[in-house]
Each structure stands twice: as structure tokens, then as C-alpha cells.
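Engineer: quick one, structure for this:
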Amino acid sequence: MSTKNSLTITDNRTSKTVELPITDGTISTMGLRAIKVDEKDFGLMGYDPAFMNTASCRSSITFIDGDEGILRHRGYPIEQLAEKCSYLEVAYLLFNGDLPTPAELKTFAAEISAESSLHENMKGFIQSFLPNAHPMGMLIGAMGALGTFYPEAKQVLDAKVRRQQIARIIAQIPIIAAWSYRHGAGKPFISPDPELGYTANFLSMMKRGSEARYQAHPDIVKALDVLFILHADHEQNCSTNTMRAIGSSQADPFSAVAGAAAALYGPLHGGANEAVLHMLNEIGTMDNVPQFIKDIKGGSSGRRLMGFGHRVYKNYDPRAKVIKGLADKVFDILGKSNPLLQIARELERIALQDEYFGKRKLYPNVDFYSGLIYQALEIPIDLFPVMFAIPRASGWLAQWEELLLDKEQKIARPRQIYTGIELRDIKR
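Structural biologist: Have a look, this model is predicted:
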């Protein structure tokens, strides 16, 4: 007898029915295998290009409700985390399930600080890249190479070893990022300063010149920390899915992070805020915004509205609301006026009032303002995806560890629908 929490499927080919239990709003697609014509039949599979409606895992890390514009980590709204927490507190939360006490945060920060040094040979590795090499390509290569310095990292099922590699990656990815930037700029490498916090240290390693210590404005440090929080994790996106897929083979975390970073490198993922800047530069002035909107709606100009819409969010991206206010603060602190910021505000104002965009659920996403902030901090455009990868490493690693501890998970191996020639012989 069927229950309310089940789905009954009738196979019209055989008139047989199969009842599949519904759990957490899903059915197990393995249950479809019972639907077959005869014993030789493999059984039905689900077909879902790009995983548009397939849940590949259970996770307690990040919750998103795209229709309502909600993003929470371990139950905490992203708006509260951005306002009240530091990036390291959020990283601790992702790994451990709860925000740290002051004592726990001090211990965690000390663990990160203890791993904040790269092997001397890594300097030569980074310097071996051409000066015009893209920083993201350098980060991917360096992260993969870094795993060879820690052969014990292969022991992914050892909790103590695993946590040490997590600390190493969080500590060392900003060093790789800063050194990649300085290599391209022809500047000497700057080592971490043990007296500085995580975000302030990154700014120091990037920007310090001949002075004994680089002192960034505290509000600028906080702004970058907020950006790191907003990018720390975002559920099962392309790069996180890649991290989990690589991790499912029990590869070391350095290799998995390199693969995840490679997925992030793509312009459809980590390069969106760069595309927003190009769009704003193309618009040129506020007077051109109405015509740009008209061209977008006409659809024949080849122009694209960047920084609006999202694969998951069908409402205003909650991270975008935080970043919009952050942009105002950063420009006020720096005493800069950026015409692109004015264009962005006008573009957002007109688009949000236009029924065309509302019907299509096109709202600003996290990338709409983040590039403007990075630009104001004098971070070059080709470093934007690296700025994304630094904080996202904590999310990748939290998801990776969750995968390893999930007894339902196996090595990732999607099925396919073969569309090639069935059989032929070589005739010679």
C-alpha cells in the first residue's frame, strides 16, 4: 500500500508500478533502476545535464533559498556573519559547526599562524613562471605543487593529519596569491608578519614597500574581511562540486583545491566581477545607461547584462546587499569618486524598476559591486579570481572533509547516455 511520502510510477511499457519513498523532498534515482522492461534491461536512469535538479550529497554547511534570497552558514544568516564576525571565525564555523569561543578562536588563529610559511623552494617555483603569467594559473600550479612538500597529506582519513593540511592551505593560499602578484609586478616577495591578522597580512604581503610594516586602514581591512566572508562558501557550485569529485577518489587536499581553483578560473564562475567592470566601462557614462537597458531588452545588440541573475538566486542575492553598502564605505574611506560606481547604481536603479527584469528574476548578484571594491583597493583585474579563491578555500575544505566523513558517498562516477555508433567492423 502506498504512503503519502512516496511516489508511485507506472511504466506504460509494462503496466508495472514502482513505489519510491520521498525523503527530504527527493527520491533516490537508484530506485529508478527497478523500472525495466525485462531482466536484461539496465533500468531507468535520470538525465540531468549540468545537475540542474540533482542533489549529489547531504550537507549541513550552507543553506540557500534562492526564491527568498536566503544564504546561511550552519544556520547563521550571511548578513549577521558579515556584520559581526571575522573571516577566521566564519572559517572555524564552516569546519566545526559552531562559532568559536574567544579561546577557540585564539587557538585556531595560532594553528593558522604556525603554518604561515612557504618552503623556500616554492619561491623558485613561483619565480619560474613568466612575468606575464596569469596569477590564477600560478595559484593552480603552485597549490598542486605544494602537496608534494607534505607527503603525509595523502592520509586523508586520518583526522589529525587532515586538520593540519586544512590549516596549511588556509595559511598558505594568501601567501601564494600575494607572491604571484608580486612576481608579475617585479617586486620582491614579502613574508607574513606574525603581528598582523589574516586579512591585514594578505594586504601587507601584496602592498608593502620599503617601510618596516604596512599599516592598512582598519576599515579597509574589515571591508576585505567582509568580502572574504561573503565568498567563503556557496553550497554545491561548480568549483565545490569539483572539489568533492576529486576528493571522492581520496586525493590529497592540495590536489583537490588546485582542481577546484581551476574550475573557479573559468569566466562563467570566478571571472564574473571582471565582466561587470568591462560592461560598466563599455557603458561609459550615466547618460548611456537608458540606451544600454534598451539594447539589453531588444536582444539584438549582442550586449549582456553582467552581475545580474544567478543560477540559484531568483531574488536579490543577500551578499549583493551587503557589498553594495560596503562599496560606499570603501570609497568614502579612500576619498575616491569612481564614475563606474555611479553608473552601477544607476543601472541597478533602472533595472530594478523595469518589469522586464523583474519577470525574468534578474537581480544584482555578489559580482555586481565586488569588482568595484577590488579596483578601489588597487587590486589588478587579473587577480580578481584569486581574491575569490583565497576565502573559498575554507568552504572547499569544509565540503571536502564532510564528503570524506559521509558514509553514503563513493567515488564520483556519473552515468552517460551513449549517442555514438553502436557497432562497426574495421574493413581492411
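Engineer: for the protein, give me the ranges with low pLDDT.
Structural biologist: In the predicted model, the chain carries pLDDT under 70 at residues 1-3, 300.
Engineer: any idea which helix or strand carries Ile145?
Structural biologist: In this structure residue 145 is Ala, not Ile. According to DSSP states H and E, Ala145 maps onto helix 135-146.
Engineer: and that helix, what does it pack against?
Structural biologist: If you count contacts as 3 or more C-beta pairs under 8 Å, 6 or more residues apart in numbering; DSSP states H and E, helix 135-146 packs onto helix 120-127, helix 159-185, helix 253-265, helix 384-405. For glycine as for every other residue, the C-beta is placed from the backbone atoms N, C-alpha and C.
Engineer: nearest to Asn315, of those helices?
Structural biologist: helix 384-405 (21.6 Å; C-beta to C-beta).
Engineer: so Ile421 sits in a strand?
Structural biologist: No: Ile421 is assigned coil when assessed by DSSP: H, G, I helix; E, B strand; the rest coil, not a strand.
Engineer: number the residues from 664 up from this point.
Structural biologist: Okay, residue one is now 664; in that scheme the one you just asked about reads as Ile1084.
Engineer: where exactly do the strands run in the protein?
Structural biologist: Secondary structure of the chain by DSSP state E: the strands cover 669-674, 679-684, 725-728, 733-736, 739-740.
Engineer: for these, which one sits closest to Asn1001?
Structural biologist: The closest of those to Asn1001 is strand 733-736. By C-beta to C-beta, the value is 26.8 Å.
Engineer: how is the protein carved up into domains?
Structural biologist: Listed domain ranges for the chain are 669-710, 739-929+1044-1068, 935-1039 (source: automatic domain parsing).
Engineer: could you export those as a markdown table, including distance to Gly729 and mean neighbour count?
Structural biologist: Below are those laid out as a markdown table (distance: least, C-beta to C-beta, whole Å; neighbours: other C-beta atoms under 10 Å):
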| stretch | distance to Gly729 | mean neighbour count |
| --- | --- | --- |
| domain 669-710 | 14 | 12 |
| domain 739-929+1044-1068 | 10 | 19 |
| domain 935-1039 | 4 | 18 |
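Engineer: CSV for these, including distance to Ser723?
Structural biologist: Below are the domains of the chain laid out as CSV (distance: least, C-beta to C-beta, whole Å):
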stretch, distance to Ser723
domain 669-710, 12
domain 739-929+1044-1068, 7
domain 935-1039, 18
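Engineer: Thr1082: which of those domains is closest?
Structural biologist: Proximity to Thr1082 (C-beta to C-beta) singles out domain 669-710 among the domains of the chain, at 11.7 Å.
Engineer: which residues touch Ala805?
Structural biologist: By C-beta atoms under 8 Å, 6 or more residues apart in numbering, the contact list for Ala805 reads Met785, Phe788, Ile789, Ile839, Ser843.
Engineer: which one among these gets closest to Ser776?
Structural biologist: Ser776 lies nearest to Ile839 out of the contacts of Ala805, by C-beta to C-beta, at 16.5 Å.
Engineer: wait, the closest one touches Ile789, no?
Structural biologist: Yes: using C-beta atoms under 8 Å, Ile839 makes contact with Ile789 at a distance of 7.2 Å.
Engineer: any idea how far the helix holding Ala808 is from the middle of the chain?
Structural biologist: On the basis of C-alpha atoms, centre = their mean, to the nearest Å, helix 798-809 sits 17 Å off its chain's mean C-alpha point.
Engineer: over to stretch 724-743?
Structural biologist: Here stretch 724-743 shows a centroid-to-chain-centroid distance of 15 Å under the convention C-alpha atoms, centre = their mean.
Engineer: pull out the buried residues from it.
Structural biologist: Across stretch 724-743, burial judged by 16 or more other C-beta atoms under 10 Å covers Ile724, Thr725, Ile727, Gly729, Gly732, Leu734, Arg735, His736, Arg737, Tyr739, Ile741, Glu742.
Engineer: looking at these, spot the one nearest Gly872.
Structural biologist: For those, the nearest to Gly872 is Ile741 (35.2 Å; C-beta to C-beta).
Engineer: relative to Gly706, how far out is the closest one?
Structural biologist: Distance of Ile741 to Gly706, computed by C-beta to C-beta, to the nearest Å: 41 Å.
Engineer: now swap in Phe726 and tell me
Structural biologist: Phe726 is 33 Å from Gly706, by C-beta to C-beta.
Engineer: so who does Gly804 touch?
Structural biologist: The contact partners of Gly804, by C-beta under 8 Å, 6+ apart, come to Phe788, Phe792, Ala921.
Engineer: and of these, the nearest to His941?
Structural biologist: For the contacts of Gly804, the nearest to His941 is Phe792 (25.0 Å; C-beta to C-beta).
Engineer: related to what we said a few turns ago, ok and the helix holding Ala808 relative to helix 1047-1068, angle-wise?
Structural biologist: Angle of helix 798-809 versus helix 1047-1068, following axes from the mean of the first three to the mean of the last three C-alpha atoms, to 10 degrees, is 40 degrees.
Engineer: the closest residue to Leu997 other than its chain neighbours and Leu890: what is the separation?
Structural biologist: Nearest non-adjacent residue to Leu997, counting by C-beta to C-beta, 6 or more residues apart in numbering: Ala1039, 5.8 Å away. Applying C-beta to C-beta, the value for Ala1039 to Leu890 is 12 Å.
Engineer: same question, Ala796
Structural biologist: Per C-beta to C-beta, Ala796 is found 24 Å from Leu890.
Engineer: now do Glu746
Structural biologist: Taking C-beta to C-beta, one finds Glu746 at 13 Å from Leu890.
Engineer: cool, and Thr671?
Structural biologist: Relative to Leu890, Thr671 is positioned 49 Å away (C-beta to C-beta).
Engineer: got the contacts of Gly804 as CSV, with distance to Ala908 columns?
Structural biologist: Shown next, in CSV, are the contacts of Gly804 (distance: C-beta to C-beta, whole Å):
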residue, distance to Ala908
Phe788, 26
Phe792, 27
Ala921, 13
